[in-house]
Each structure stands twice: as C-alpha cells, then as structure tokens.
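Novice: got a predicted model here, sequence first, then my questions.
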Amino acid sequence: MAHGGLDVVTVCTPSGTHAALAGQALEAGLHVVVEKPLDADLVAARALHAAAATRPEQMVSVISQHRHDPSAMAIHEALEQGRLGRVTSAVANVDWYRKQAYYDSGDWRGTWAQDGGGALANQGIHTLDLLLWFLGEPLEVFAYTARLGHERIDVEDVAVAVIRFTSGALATVHASTTVYPDLGVRLGIHGTDGSAVIEGDLLSYFHARDAEGAAWVANQVGAQEDENKNVLGGFDPAGSHTSQYGDSHALQWADVVRAIRSGGQPWVGLDHGLNALATVRAIYLSATLGQPIRVAEVLAGDYDGVPVRTGQVPQASQTSG
C-alpha cells in the first residue's frame, strides 16, 4: 500500500485482524474486500463501518459468496415476488465435520479473540447470512452452545439457536463441526404458499402454489431454475453465470469489479456483514447468559464488553423454604 499502484485490497487473514487491516486500506484510499466474518470483535467491526461511511467513494464489500449462488438468488427472487406467501419459518443446518487437526493447524483457530467463535462464527455464518437475507431483520435469539467433540479450543463445536424475526417468522439454527462423516448444509424456507430447500449449494426443492396448475408436480426445481435464468444472467456483468454452480466467489468478485468501475455500491456491503456478526454475537450472549437477547441492542453496543463463553454460566441454586 505504501508503494501505491493498487486499486483494491482483500483481507484474508485471521478473523480478529480483519477490521484493523481493512481500516488501514481505507486510510490508504483503497477499495476493500473483507473475508467473512467482518471481524471477531463487534466493536472493531462497528468502527470500520463508521469509518467507511465517511468515504463513500471507496467500495467496501464483505465476502458472502453464497448470496451469489443461483439457488439462493432464485429463492430470494421468489420471496421478493411473494410467491411463497407469508414466510412462517426456516430451518438452517450446518452439519459439518472437522478433525482435531483442523483446530491444531493454527494457534488462532478455536479462540474467541482471533476466530471470534467456533462452528457458528466460522462455518455457520454463511448459512446464517442467507437466513437473514431471506427472512429479514432478526428481532431476538435464544441459544445454547457446547464444546463436545474437540480438545484444546475455547469455542463451541455445537451451537443451536432459535431466532424470532420482526416479521413474526421463526427459525432454528444448528451449526456443528462434530457431525461425522459430514452431512453438509441444508436450509429450508417455508411459507403459506410454498417452500424451498437448498442442500449444499444447490436448489434441491421448490414448490410454489402459483405454479401448480394442471401440470402440478411435487418439486418444481427445474421450472424454477429456468424461470430465473434471465434474473441470474442479468446480474453477471459477463452474462454467463447461469450454470456456474460453485463459482460464487468469482461472481462476487465480478460484482466488486462492477461496483468499482461504476462508482456504485457492491451487492454485499458492510451493513450485511455487520448484521450477520451482531446476530452471531447475540447467539453467543444468549448461550452465555441463559436469556433471550435482542439483536438490535447488540448492534447498538448495549452488550459491548460483556464476555462470552462456551456453554451457559451456571445459575445459583434456588431453594424454597
């Protein structure tokens, strides 16, 4: 950065260093792309967000590549059109497996300070981000976390949470790195007029009432993918990504380039990364304190300085006289 000649910096370092390094790039006048999560510390992430707001001419994006999966874009488009009716619930499962060697591979892994959490903050945040994109503003969470399958880490390898959204919809989240032999990711979105399911990165189920007609079939995936080709192709600057399942990182970078060249905003900005991080911290706070936590209060800084831990703080025993 000191020698110049750069347009954009991407921050792919341990999570606890993201906001500070991104801030240095901003100060150097560069565009910035930050890997997920935005940071391990919400205070640092909030400071980066404030700094970026004073430099609107600089593009800042957070990697949330699964928003660029054709499957996710197809569901989001259907939701925007109201085709699934009122969204009532969702189920997000991140059923992954990580050997002990994964956590032993770097001294930053499995730490609160540098990893920012465990199965939820590092692995599950991708699916949580999609959940927020589909269902909107999270209102309140209640959660439990545990460390059950790994040693020499401070953070959880199992997290379960219930999220209540401002729309009234309810969602469950399960994120784990202890699911042998690894069952992957499944995200189901359910409404009064339809349901959709992503497994892995692919749209595995889609059914909307408005597409039943005389030729009703239980799973309308093929038809939905065909319907969304124009939508998907219209997003890609090259107009060629409608069949590129698995190329979502490249698609997000194509959008970054588009934003830089046009002077516009990236599709995934700091607001999205900050909201996802605040929801993760709300889940950790709930698991620590044993109480429901409102996400807006976490985002506003009401819980800044409250330490989180794996599992729940034991409550004092109560006896009746």
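Specialist: Good, I have the coordinates.
Novice: which of the three states applies to L277?
Specialist: For L277, the assignment made with DSSP: H, G, I helix; E, B strand; the rest coil gives helix.
Novice: check contacts around A208.
Specialist: A78, R83, L84, D193, G194, Q220, Q224 (CB atoms under 8 Å, 6 or more residues apart in numbering). Backbone N, C-alpha and C define where each C-beta goes, glycine included.
Novice: please repeat the previous calculation with a cut-off of 6 Å.
Specialist: R83, G194 (CB atoms under 6 Å, 6 or more residues apart in numbering).
Novice: and the pLDDT at it?
Specialist: Listed pLDDT for A208 reads 94.
Novice: now the closest residue to G116 other than its chain neighbours, what are its backbone angles?
Specialist: With sequence-adjacent residues excluded and distances taken as CB to CB, 6 or more residues apart in numbering, G116 is closest to A40, at 3.0 Å. Note on A40: backbone dihedrals following degrees, to the nearest 10 are phi -80, psi -20.
Novice: how much space between A40 and L277?
Specialist: Counting by CB to CB, to the nearest Å, the gap from A40 to L277 is 9 Å.
Novice: of these two, give the one with the bigger neighbour count.
Specialist: Between A40 and L277, counted using other CB atoms under 10 Å, the more crowded position is L277 (31 against 26).
Novice: now do the contacts for that one.
Specialist: By CB under 6 Å, 6+ apart, L277 lies in contact with P37, L38, L42, A45.
Novice: what does W267 give?
Specialist: D255.
Novice: and L79, how far from M73?
Specialist: 11 Å.
Novice: what of A223?
Specialist: Look at A223 and M73: by CB to CB, they are 16 Å apart.
Novice: between these two, which one's more packed in?
Specialist: Neighbour count, other CB under 10 Å: between A223 and M73, M73 has more, with 22 against 14.
Novice: could you give me the average pLDDT of stretch 292-310?
Specialist: pLDDT averaged over stretch 292-310 gives 97.
Novice: I260 versus I198, what's the distance?
Specialist: From I198 to I260 the distance is 29 Å (CB to CB).
Novice: looking at those two, which is more packed in?
Specialist: Between I198 and I260, counting by other CB under 10 Å, I198 is the more crowded of the two (25 against 16).
Novice: now do the helices in the stretch 51-200 of the chain.
Specialist: 70-80, 100-104, 125-135 (DSSP state H, counting those that start in this stretch).
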